[in-house]
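K.L.:
Output the structure for:
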Amino acid sequence: MTSEFGILRGIDAQSFGQPGQRTFRLRLVGDSAQTASLWLEKEQMQALSLALKQMLGQLEYDQPPPPADAGEFPVVADHDFRVGRMGMGFHAEDRTVVLFLYEVTAEDEEDPTVRARLSQEQCASLIEQLDEIIAGGRPGCPLCGQPVGLEGHACVRSNGHSKQPIPKEDAGDDDEP
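P.N.:
Prediction:
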């Protein structure tokens with residue numbers, strides 16, 4: 001059964017914990033004050049940010065984003081689940097972006113658990129938040145792209161033998177005549 005949130009009153013993104021140990025969620029407040037706390041993976045947040053950027057690009061939206069605000073959010077949300085799949089569409093009548101969010105354990109594969117519509121301003125604001133959260137994580141390895149922790153990482157591109165930090169690209173330029 002799908003919970004219809006209509007055009008959202010508020011939406012924001014959050015992360016908790018230290019890089020490498022973080023948890024991520026979206027908080028939604030619907031047009032009838034229903035709430036949802038939706039738990040995602042970092043990769044899902046990256047995909048959502050990219051999809052929203054592409055959508056706003058197609059709509060030629062170029063305004064500065066307003067501050068994000070989920071308003072008064074309760075301690076316990078009406079819906080609280082881990083997101084498995086996401087989908088996105090466009091509602092032409094009011095030019096809103098439609099999010100389809102499916103719970104990991106959803107029995108009905110066709111109907112989303114939550115359907116919500118975002119204004120273009122909300123999309124721009126959410127993109128800014130998502131990008132800030134994503135950038136706050138561990139840096140990626142320049143060879144393989146995997147996150148590098150404080151202890152380094154055994155890069156598969158170096159056959160996993162070296163845990164030495166990868167030198168910067170401009171290192172060694174001083175040796176050339």
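K.L.:
Help me confirm that Leu40 comes into contact with Arg22.
P.N.:
No: with contacts defined as C-beta atoms under 8 Å, Leu40 does not count as touching Arg22, sitting 11.0 Å away. C-betas here are computed from N, CA, C, even on glycine.
K.L.:
which residues sit in contact with the residue nearest the centre of the chain?
P.N.:
Taking C-alpha atoms, centre = their mean as the criterion, Met45 is the residue nearest the geometric centre of the chain, at 1.8 Å. Contact partners of Met45, counting by C-beta atoms under 8 Å, 6 or more residues apart in numbering, are Ala13, Phe24, Leu130, Ile133, Ile134.
K.L.:
go with 6 Å
P.N.:
Taking C-beta atoms under 6 Å, 6 or more residues apart in numbering as the criterion, Met45 is in contact with Phe24, Leu130.
K.L.:
And Leu40 and Arg22? Which one has more around it.
P.N.:
Leu40 (22 against 15; other C-beta atoms under 10 Å).
K.L.:
beta partners of that one?
P.N.:
Phe24 (DSSP bridges).
K.L.:
Provide the secondary structure category for Leu130.
P.N.:
What DSSP: H, G, I helix; E, B strand; the rest coil gives for Leu130 is helix.
K.L.:
Count the residues that sit near it.
P.N.:
Count around Leu130 with other C-beta under 10 Å applied: 26.
K.L.:
one step back: now do the SS call for the residue nearest to the centre of the chain.
P.N.:
Relying on three-state DSSP, one would call Met45 helix.
K.L.:
Ok, Val97 next?
P.N.:
strand.
K.L.:
Thanks again, I'm all set now.
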